[in-house]
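Novice: Generate a structure from the sequence data that follows.
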Amino acid sequence: QEQLVESGGGLVQAGGSLRLSCVASGRTFSSYAMGWFRQAPGKEREFVAAISWSGGSSYYSDPVRGRFTISRDNAKNTVYLQMNSLKPEDTAVYYCAAQVPTGWEAYDAGAYDYWGQGTQVTVSS
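Specialist: Residues are numbered from 1 along each chain as shown. Presented below is the predicted three-dimensional model:
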């Protein structure tokens, strides 16, 4: 069982930056693909970014591409989401998720096996 704990959320003005972190508790973190998703009030959870187990491949949704960067440090069991040029529409609860190495469906929330509790990001205009 993998436990994921996100941190780094908060309130920021439009145009600002935040860095989210997600720490995994298990010993097999380096074998998991990792993803970030977000859910705004009244909306469905949506894909934000994903990174392969090695960090060699990454994917982004269109709304965040060029502004957000996903990275990982397997020695620290941590995945990051650097968010720059934040917009009010980025306001949401952000979740990290882990996918076991049986094939990688980066964009599909249903394909992820473990989830964190979420961290709130609020961007004011």
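
Novice: Going along the chain, name the strands of this protein.
Specialist: Under the criterion DSSP state E, the chain carries strands at the ranges 4-7, 10-13, 18-24, 33-39, 46-51, 58-60, 68-73, 78-83, 92-99, 114-115, 119-124.

Novice: pLDDT on the first one, on average?
Specialist: Right, strand 4-7. For strand 4-7, mean pLDDT is 97.

Novice: With the shortest one instead?
Specialist: Mean per-residue pLDDT for strand 114-115: 96.

Novice: With the fourth one instead?
Specialist: Confidence for strand 33-39, expressed as mean pLDDT, is 97.

Novice: Now do that strand: which elements does it pack against?
Specialist: Judged by 3 or more CB pairs under 8 Å, 6 or more residues apart in numbering; DSSP states H and E, strand 33-39 is in contact with strand 18-24, strand 46-51, strand 68-73, strand 78-83, strand 92-99. Yep, even glycine has a C-beta here, placed from its N, CA and C like the rest.

Novice: Output it in PDB with nothing but the alpha carbons.
Specialist: Taking Å, rounded to 0.1, in the frame of the first residue of the first chain, the C-alpha atoms of strand 33-39 are listed here in PDB:
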ATOM      1  CA  ALA A  33       4.400   6.500 -12.800                       C
ATOM      2  CA  MET A  34       3.100   9.600 -11.100                       C
ATOM      3  CA  GLY A  35       0.400  12.100 -12.000                       C
ATOM      4  CA  TRP A  36      -1.200  15.300 -10.800                       C
ATOM      5  CA  PHE A  37      -4.900  15.900 -11.200                       C
ATOM      6  CA  ARG A  38      -7.100  18.700 -10.000                       C
ATOM      7  CA  GLN A  39     -10.800  19.200  -9.200                       C
END
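
Novice: so which of the helices and strands packed on strand 33-39 comes closest to S31?
Specialist: With CB to CB as the criterion, S31 lies closest to strand 92-99 of the helices and strands packed on strand 33-39, at 9.5 Å.

Novice: Please name every helix or strand in contact with the closest one.
Specialist: Using 3+ CB pairs under 8 Å, 6+ apart: strand 92-99 touches strand 4-7, strand 18-24, strand 33-39, strand 78-83, strand 114-115, strand 119-124.
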